[in-house]
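> Next come a sequence and a model predicted from it.
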Amino acid sequence: MNIISQDVIDQLVLDTSLGLLPTLLTSFVQELDTRRDALETAIIQFNKGDWTGIIEAAHALKSSSGTFGATLLYQSAKQLEDAAREKDQTNITTLIEAAKSAADQTYQAYCDYLLKLKSA
């Protein structure tokens with residue numbers, strides 16, 4: 001699975017402009033950093049028995065990643081959100097780790113994409 005959906009990026013350009021794309025993606029990368037921190041906080045709460053933070057953190061990751069074409073993160077966050085809503089204790093730890101990994105990979109991929117945009 002691709003980390004970045006070029007189709008979604010192309011649609012963002014059509015909906016806004018090529019000149020605005022770096023600003024939009026920079027905002028997403030900054031937001032992603034905040035969302036990763038929120039997931040870490042939610043994990044602490046989850047370890048105390050509170051599923052709410054995981055649901056909310058996964059939902060926020062899913063929403064923002066879908067908007068900006070971060071397909072790997074979107075799928076991972078969706079699976080995590082679904083499992084947390086179902087209180088699936090069997091798979092939740094694996095899905096949390098997968099979401100963290102996907103967030104890290106997405107962050108790096110978008111930083112690299114932004115560097116390419118700025119050098120073009």
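Alright, I've got the coordinates.
> Quick one: mean pLDDT for the helix of greatest length in the chain?
In the chain, taking DSSP state H as the definition, the longest helix is helix 92-119. Mean per-residue pLDDT for helix 92-119: 95.
> again, but for stretch 23-35
96.
> Now that stretch: buried residues?
When burial is assessed from 16 or more other C-beta atoms under 10 Å, stretch 23-35 yields the following buried residues: 24-25, 28-29, 31-32, 35. Heads up, the C-betas are built off the backbone N, CA and C, glycines and all.
> Then stretch 111-118?
Buried, per 16+ other C-beta under 10 Å, within stretch 111-118: 113-114.
> so of the buried residues of stretch 23-35, which ones are in helices?
24-25, 28-29, 31-32, 35.
> Residue 83: which element?
helix 71-85 (DSSP states H and E).
> Return the angle between stretch directions for that helix and helix 92-119.
150 degrees (axes from the mean of the first three to the mean of the last three C-alpha atoms, to 10 degrees).
> packing partners for helix 71-85?
Here helix 71-85 touches helix 52-67, helix 92-119, going by 3 or more C-beta pairs under 8 Å, 6 or more residues apart in numbering; DSSP states H and E.
> Let's have those helices in TSV, adding distance to residue 84.
Below are these laid out as TSV (distance: least, C-beta to C-beta, whole Å):
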stretch	distance to residue 84
helix 52-67	4
helix 92-119	7
